[in-house]
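1. sequence below, structure please.
(chains A and B)
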2 protein chains.
Amino acid sequence: MTTPLQGTSLIGFSRGGKTKSLGPATNPASGETFGIEYFGASEAEVEQAARLAGEAFPVYSALPGSDRAGFLRRIADEIEAAVERIAELGPLETGLPEARMRGETGRTTGQLRMFADLIEEGSWVDARIDHAQPERQPLPKPDLRSMKRPLGPVAVFCASNFPLAFSVAGGDTASALAAGCPVIAKAHSSHPGIAEIVGECVVRAARDCGMPEGVFSLLHGGGRDVGMALVGHPVIQAVGFTGSRSGGTALMEAAAKRPQPIPVHAEMSAVNPVVLLPAALDERGEAIADGLFGSLTLGAGQFCTNPGLVFLPDGHGEAFLAKLSELVAAGSSAVMLNAGICDAFKQATAAIAAIDEVKTLAAAPDEAGRCTPSLFSVSLADFVANPALHAEMFGPATLVVRGKTEEFAEVIAGLEGQLVGTIHATDAELPEHAGLVAALEKRVGRLVLNGFPTGVEVCPSMVHGGPWPSTSDGRSTSVGTLAIDRFCRQVAWQGFPAAALPEELRDDNPRGIMRLVDGVHTR
Amino acid sequence: MTTPLQGTSLIGFSRGGKTKSLGPATNPASGETFGIEYFGASEAEVEQAARLAGEAFPVYSALPGSDRAGFLRRIADEIEAAVERIAELGPLETGLPEARMRGETGRTTGQLRMFADLIEEGSWVDARIDHAQPERQPLPKPDLRSMKRPLGPVAVFCASNFPLAFSVAGGDTASALAAGCPVIAKAHSSHPGIAEIVGECVVRAARDCGMPEGVFSLLHGGGRDVGMALVGHPVIQAVGFTGSRSGGTALMEAAAKRPQPIPVHAEMSAVNPVVLLPAALDERGEAIADGLFGSLTLGAGQFCTNPGLVFLPDGHGEAFLAKLSELVAAGSSAVMLNAGICDAFKQATAAIAAIDEVKTLAAAPDEAGRCTPSLFSVSLADFVANPALHAEMFGPATLVVRGKTEEFAEVIAGLEGQLVGTIHATDAELPEHAGLVAALEKRVGRLVLNGFPTGVEVCPSMVHGGPWPSTSDGRSTSVGTLAIDRFCRQVAWQGFPAAALPEELRDDNPRGIMRLVDGVHTR
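-> This is a model prediction of the structure:
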């Protein structure tokens, strides 16, 4: 059922108009535009999508988890059926290789099915039952039960660096739809065609599964108008975003200024420190350099979990540094997601290279319109003294900070919040540095031992979030099953008969879920 | 070990200075000041309390749950030992009766022990374990484990209307300390002596249990300076507040403007609609009036859950209205918590009485410096047309809105967020109004059937929170065990050996807690 791309927004089950031209997509490899023309959503179309989402919410949120699970699985099936189109168009829009498109499609469908399984099983709602004690003195205890319920329509902003897994039907959309929230997705201008292909998959799935119109819309938009209109709309009850700190903070400010402030889950920026301890370096410095180089250059360094900062102890790691310098110097150039990101990377690396205290250890030859890996170093004292050195260079560049191991913990305690903190240590030296590990734990969402920060496993225990400014709200994760909690709130029922309660809260537990009954976990 | 009140702040284990006089406390019954002079914390003292809290955090958060539980229980014991002093001084500072002081002391110690039990048992950390699959294709799966960890030092603002249960060692403090967060409490100017008595209990418990200095401080402060300095301090990582909408939104704005924004949990205002359905009114209108009057006037109407709005169907409820009017007209006057609250109540009731479309159904005779119950009514159409009628009158006043039952759901859907929504219905008529219940569910944190909104049970399933503006963040509760989640974030460990993991995440499960292991709930 392949239809040619139309370039318009998807407003519920209808198509948007062709009044606001955004032009065609740009191929970042050539800098040239190609293909059809895209059109931004008008104010009336934003309003229409919001109205439909508002109307869909009571219907959609009342469906049993199994119905929503069927919808999510159908979306996954539709996307899987579109993989050839994605694999063909994706590289042209993003500069990412075809294999990445296929792999990321698999991750996206995997996420949708993971959330389908989660809500079909049902225990995620954190059902709690406290039975009445009518004889209790001095006051009777009422019957009280509570569980998670969806917040309302959610605005999802597609990420430039994850055209599938954190875009139209990515992690934010999957978790919001799983929770029972309608979604209005805002396409990213870097990959409007992929957005339309995936958006049509979601709409087809919604129609086929009998979901209410408005459970999903997809808006194209130039500039920030469409996004800001969405975040300011009274129907929208939460926001999911993956992107730059400036973009995320702008959304946070807009959300905080609404007559009704709403939560923004923005996953923004991080340098993800890697701490190399002496014995590990002595034992396997070259292997660490190999792994770090792979992590640094994966996807042209365009991951939120990219290792942008390395703590290296004085007197150790010469083999590591020699190897890493060699790999970086021989590194290949790569197309980045768009010209803006490439320009920002070149400016960031040029700025850091121009700082007197910073040494450029290695850099592959510069190439117009492409990024090349870069390796810098600075002393611990100079790093502490210069806040500019703490900023993210989004791309394949990293800064090695050299100093005394015993001073690392204090410097780490002063870092901004990070998504990931990595440590390389031998079994023997890890316990000696418990204070360093504890300091790192306070600054990150995920600690990695003897591995590398990129590669975010999608599973129940994953935390892809971290203290400000790596995310807007470090209490949440955007990857893994816990991501669903962002779009829910606990609601309590007091004194209701079984027939008027959600199934999850009835004494006979018809869903067979894990619950907390009179303080005891039980099925 | 009773020491006379000193009137100064508690900065860690030391006392603050006597430079900023705030004068003595005021007895709201007489309007006269009495007792010792109190002194606000200086800027240097705020800084010192923050520094100590920052230093205490890594030590305190590393303690096992059983140690923190012992500390909480000792606080409860100390407060229990101080109950006679509280019962003597409390009524003078708050106008609330001695029995309420004793009852609220019991609730406070009960909350502390509930959180002690929660963290000693340990399952609250939501431990998750996903074992490695080194052979998985195309990529090996790493070993990944996660659990809740504390955010950092928390600022707690004492509530005027709960001098114990939501003040110095109340629900916010108990849940933050339970989570592993040091607390800096800001005393309420209405009851500085109770604050000092309870603050000393916490400090004694901290010393006796060997807790690090700075795990708790108590600051007095005039105006908003001390509070704003606290919320703006980089050490503070979250805020707990119960009070007015203006106070709560001011804290939210300050927290959002920090270089590092932090979460504010403000429990602010609500009118807590009560919906009376026809058959229930016909069956037991007078009994409902009795119960509603009791709820409305409990604690001089100074509860966040006070029923300030009643939906009454046309053609029903004459007996209810007659009885409620009779009770209100004969109602006694009462001392309110302070002159500001009493003035605001009188202004709010005068303003509503002056609206042409509003009828004053009953009001006990006015009395200078005291509140009296008031009962107003308005048509559904006029209620919808006049937003001023949706605002809270903090005190014993309620507005009856009369209209067609079938129009209630739509009007309720347009209400602001509320803490509680109450319905009175017969078993037979409840299912006929499922749409109304669903609409109410979307606007409240807790639904009550055939009961009354005041009386907030402290238990695992309680939700005392609700959509904006009843709270700043409707995803949380300030009462019950779930309140601990406000001060935590999930942290993941990837690839760590058992010896370097928290006990909660070790394969042998030494704490015996409920966990999610490879997707399955198990102990």
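
2. which residue ranges form the strands in the stretch 301-450 of chain A?
-> Secondary structure of the stretch 301-450 of chain A (DSSP state E, counting those that start in this stretch): strands at A:309-313, A:359-363, A:374-379, A:397-403, A:418-424, A:444-449.

3. buried residues, the third one. List them.
-> In other words, strand A:374-379. Within strand A:374-379, the residues that count as buried by 16 or more other C-beta atoms under 10 Å in any protein chain shown are A:374, A:375, A:376, A:377, A:378. All C-beta atoms are positioned from the backbone trio N, CA, C, and that covers glycine.

4. partners of the second one in the sheet?
-> What it means is residue A:375. Taking DSSP bridges as the rule, residue A:375 bridges to residue A:362, residue A:398.

5. ok, it - contacts?
-> A:324, A:325, A:328, A:360, A:361, A:362, A:363, A:397, A:398, A:400 (C-beta atoms under 8 Å, 6 or more residues apart in numbering or on different chains).

6. confidence-wise, which of these comes last?
-> Least confident entry in the contacts of residue A:375, by pLDDT: residue A:363, with 92.

7. what's the closest non-adjacent residue to it?
-> Using C-beta to C-beta, 6 or more residues apart in numbering or on different chains and skipping residues adjacent in sequence, the residue nearest residue A:363 is residue A:374, 4.4 Å away.

8. right, and the one you found touches residue A:359 too?
-> No: counting by C-beta atoms under 8 Å, residue A:374 stays clear of residue A:359, with 11.6 Å between them.

9. next SSE after the helix ranked longest in chain A?
-> Using DSSP state H, we find that the single longest helix of chain A is helix A:98-121. As assigned by DSSP states H and E, the chain's next helix or strand after helix A:98-121 is strand A:128-130.

10. ok, and what's touching that next one?
-> Contacts to strand A:128-130, defined as C-beta under 8 Å, 6+ apart, come from residues A:141, A:143-147, A:505, A:507, A:515-519, B:457, B:459-462.

11. which residues of the stretch 51-200 of chain A fall in helices?
-> Ranges of helices in the stretch 51-200 of chain A, per DSSP state H, counting those that start in this stretch, are A:65-81, A:83-94, A:98-121, A:171-179, A:192-208.

12. what mean pLDDT does the fourth one have?
-> With pLDDT averaged residue by residue, helix A:171-179 scores 98.

13. got the angle for it vs helix A:192-208?
-> Orientation check (axes from the mean of the first three to the mean of the last three C-alpha atoms, to 10 degrees): helix A:171-179 against helix A:192-208 gives 10 degrees.

14. including distance to residue A:64, could the strands of the stretch 301-450 of chain A go into a markdown table?
-> Listed next are the strands of the stretch 301-450 of chain A as a markdown table, based on distance: least, C-beta to C-beta, whole Å:
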| stretch | distance to residue A:64 |
| --- | --- |
| strand A:309-313 | 47 |
| strand A:359-363 | 57 |
| strand A:374-379 | 53 |
| strand A:397-403 | 49 |
| strand A:418-424 | 35 |
| strand A:444-449 | 32 |
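
15. most neighbours per residue, which of the ones you listed?
-> strand A:418-424 (a mean of 29; mean count of other C-beta atoms under 10 Å in any protein chain shown).

16. residues touching the closest residue to residue A:378 other than its chain neighbours, list them.
-> Excluding the flanking residues, the one nearest residue A:378 by C-beta to C-beta, 6+ apart is residue A:358, at 5.0 Å. Residue A:358 makes contact with A:352, A:376, A:377, A:378, A:382, A:389, A:399, according to C-beta under 8 Å, 6+ apart.

17. residue B:314: which of the strands of the stretch 301-450 of chain A is closest?
-> Residue B:314 lies closest to strand A:444-449 among the strands of the stretch 301-450 of chain A, at 55.2 Å (C-beta to C-beta).

18. what does the closest one rub up against?
-> Outside strand A:444-449, the residues that touch it by C-beta under 8 Å, 6+ apart are A:272, A:417-425, A:430, A:437, A:440-441, A:453, A:462-467, A:470-471, A:474, A:477, B:146, B:489-497, B:500.

19. from these, which would you call buried?
-> A:272, A:417-425, A:430, A:437, A:440-441, A:453, A:462-467, A:470-471, A:474, A:477, B:146, B:489-496, B:500.

20. poorly predicted segments of the stretch 101-250 of chain A, please.
-> The stretch 101-250 of chain A contains no residues with pLDDT under 70.
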